[in-house]
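Undergrad: With the sequence up front, the predicted model follows.
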Amino acid sequence: MARPRTVTPPRKETWHNIPERLWSHKETAAFLQLSEQTLYYMNHVGEGPRSYRVGRYRRYNPHDVMTWLESKAS
């Protein structure tokens, strides 16, 4: 039998960093002006912004997307 996972809630001092909501894959691709397929490929090879699997969907924290974007600036 699988062991139940324990989830640690975020510390109170980091709660102000929690986004209003996570972006969908489609919203993130539109924001970055990329095709959805390109964003899928970037995730596959580990070059895209940090993402999360929520059920069968991929979600993105807007703060992580902006941090990733800043790291790509030349």
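TA: Nice, I can see it.

Undergrad: burial count for the nearest residue to Arg59 once chain neighbours are set aside?
TA: For Arg59, ignoring the flanking residues on the chain, the nearest one in space by C-beta to C-beta, 6 or more residues apart in numbering is Leu22 at 3.9 Å. Placement of C-beta: from N, CA and C, glycine included. Applying other C-beta atoms under 10 Å, we find 18 residues neighbouring Leu22.

Undergrad: Quick check: Leu22 vs Ser74, distance?
TA: Look at Leu22 and Ser74: by C-beta to C-beta, to the nearest Å, they are 28 Å apart.

Undergrad: same question, Arg50
TA: When C-beta to C-beta is applied, the distance between Arg50 and Ser74 equals 21 Å.

Undergrad: More neighbours: those two, which one.
TA: Taking Arg50 and Ser74 together and counting by other C-beta under 10 Å, Arg50 has the greater number of neighbours (12 against 2).

Undergrad: Just say helix, strand or coil for the more buried one.
TA: Applying DSSP: H, G, I helix; E, B strand; the rest coil to Arg50 yields a three-state assignment of coil.
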